[in-house]
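>>> dropping a prediction and its sequence here:
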Amino acid sequence: MTAKEDTIPSIEAELYELTMPGRLIGKEVLDSRARRIGIVRSVRIGLHPTRSELIVKGAEVEFPVDFSKVETVGTVVQLNSVVKDAEEIEVHDVIRLQKEVMDDIRSYLGGR
């Protein structure tokens, strides 16, 4: 790393969709063992260093998942690895988490 690279600040942005579930936001996330571990809360992108990741909201935890660990995106987001730090959730938890995320998005938009 050069001295010039040291002075470049890290830049991050979180992306949301305004529908629930959207194309990514609010979809169920399954690990490689097909355990339902949460929903996609947002997409985070970063520069310096460049990275992109899903932010997954689980029962009692939120955690980033690098896009390289996403196997497929369809009706659910299937990961290609086991997530040990998240407990499995039920369908009623998915609905509750989707409502929480939508409420958060509304609050970011000033209560619209």
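Perfect, thanks for sending it.
>>> where exactly do the helices run in the chain?
With DSSP state H, the ranges of helices along the chain come out as 3-7, 91-108.
>>> and those: which comes nearest Pro64?
helix 91-108 (15.4 Å; Cβ to Cβ). C-betas here are computed from N, CA, C, even on glycine.
>>> packing partners of that closest one?
Applying 3 or more Cβ pairs under 8 Å, 6 or more residues apart in numbering; DSSP states H and E, one finds that helix 91-108 contacts strand 36-47, strand 51-57.
>>> Throw the ones you listed into CSV and include mean pLDDT, thanks.
Formatted as CSV, those follow (pLDDT from 0 to 100):
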stretch, mean pLDDT
strand 36-47, 95
strand 51-57, 95
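>>> and among the helices of the chain, the most buried is which?
helix 91-108 (a mean of 14; mean count of other Cβ atoms under 10 Å).
>>> quick check: beta-bridge partners of Ile39?
Glu28, Lys57 (DSSP bridges).
>>> so who does it touch?
21, 26-29, 56-57, 94, 97-98, 101 (Cβ atoms under 8 Å, 6 or more residues apart in numbering).
>>> tell me how far it lies from Ile45.
19 Å (Cβ to Cβ, to the nearest Å).
>>> for His92, same thing?
31 Å.
>>> repeat that for Arg96.
Taking Cβ to Cβ, one finds Arg96 at 27 Å from Ile45.
>>> test my guess that Arg41 contacts Val56.
Yes: counting by Cβ atoms under 8 Å, Val56 is a contact partner of Arg41 at 6.6 Å.
>>> give me the common contacts of those two.
Glu62.
>>> what about Met20, how many neighbours?
Using other Cβ atoms under 10 Å as the criterion, Met20 is surrounded by 16 other residues.
>>> how close does it get to Tyr108?
From Met20 to Tyr108 the distance is 14 Å (Cβ to Cβ).
>>> what do you get for Arg35?
Separation of Arg35 from Tyr108 (Cβ to Cβ): 30 Å.
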